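Engineer: Have a look at this fold, sequence not included:
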């Protein structure tokens, strides 16, 4: 709406510069009344068309054929107006030619406006008025070129705005995916460990071992606070994963679940640039062992550019990768790595992440 008002104000100024004078000259010049009425009527329709047609054409974004047809119709109306008023009114073609140059693609605008210039030049040459009216052609050409440049600038600005909007939307989607992925990794592992420890504490209480049950409840409280802090840090975008911390957490979680843990005691041999992403791999691998495998033993091995998690469980996890594995694949892809997951031939399951 605002752009439409701006266009009306802008275009009205140009209409007032030429059209009233042309109407006055048509009314006072020699000729039949019918010709005068026809000329004034064509001028009025032509002016209204130039005032409102561009606003309609801007709505046809991506419909170049419709725009071309509308510009050709206005061009025909303009040429008819000049034919009735005489070649002295050729300057009036500035309106339709500038509209065409602004709205149509460059090639189509060149063809349409070039054809109009040729028609006017030929008509002036045939009637012998070319030497006197050549300045009109120069005026029409210069204004058309200027409006064409303005049209290209407007289209470039519009494309830039669209690109900025798309970038903003992609940034929102990426941040949403990051948040969902991180929350899955954090809460999945933490809640699984808390559930296991809560079950262990319940069994200890049933067996009358209040001391050990108290220790497990204390661990649950600590894990809950840690998970809450991780969630807050993730939402704020400041959370960092440490591979060494994940090894410690994995050992505690596996012990609480009664799974024998064969984990490395140090992670110094892992490339420092990969320790963060391998921390996510270890977290997801151990979480899957605790949730799905029913394993009694879990083994973790790592090198400078790879990490592997094996268990002796029932080999679950075949088929379509879940949210966790899909998230790991995205994380590894960012550093040029891959994830392989599947059951082993002699039983159990293996998750391996490697960066080439």
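Structural biologist: Perfect, I can see it now. No experiment lies behind these values; they were computed from the predicted model shown. Numbers count the residues shown, from 1 in each chain.
Engineer: Where does the prediction get shaky in the stretch 1-150 of the chain?
Structural biologist: Applying pLDDT under 70 to the stretch 1-150 of the chain flags the ranges 1-8, 10-11, 14, 18, 24, 28, 30-31, 54-62.
Engineer: repeat that for 50
Structural biologist: When the per-residue scores of the stretch 1-150 of the chain are filtered using pLDDT under 50, the ranges that remain are 1.
Engineer: Tell me which stretches of it form helices.
Structural biologist: Counting by DSSP state H, counting those that start in this stretch, residue ranges of the helices within the stretch 1-150 of the chain are 2-28, 33-59, 64-85, 94-103, 106-127, 130-206.
Engineer: Show me what the second one is packed up against.
Structural biologist: Going back to what we said before, that points to helix 33-59. Under the contact criterion of 3 or more C-beta pairs under 8 Å, 6 or more residues apart in numbering; DSSP states H and E, helix 33-59 touches helix 2-28, helix 64-85, helix 94-103. C-beta: built from backbone N, CA, C; applies to glycine.
Engineer: Nearest to residue 258, out of the ones you listed?
Structural biologist: When the helices and strands packed on helix 33-59 are ranked by distance to residue 258, counting by C-beta to C-beta, first place goes to helix 2-28 at 68.9 Å.
Engineer: Out of the helices of the stretch 1-150 of the chain, which one sits most buried?
Structural biologist: Here the criterion is mean neighbour count by mean count of other C-beta atoms under 10 Å, and of those the winner is helix 94-103, at a mean of 26.
Engineer: Not counting its own residues, what contacts that helix?
Structural biologist: By C-beta atoms under 8 Å, 6 or more residues apart in numbering, the list of residues contacting helix 94-103 from outside reads 14-15, 18, 46-47, 50, 53-54, 57-58, 67, 71, 74-75, 77-78, 108-109, 112-113, 116, 139-140, 143-148, 150-151, 154.
Engineer: the inter-axis angle of it versus helix 106-127?
Structural biologist: When axes from the mean of the first three to the mean of the last three C-alpha atoms, to 10 degrees is applied, the directions of helix 94-103 and helix 106-127 differ by 160 degrees.
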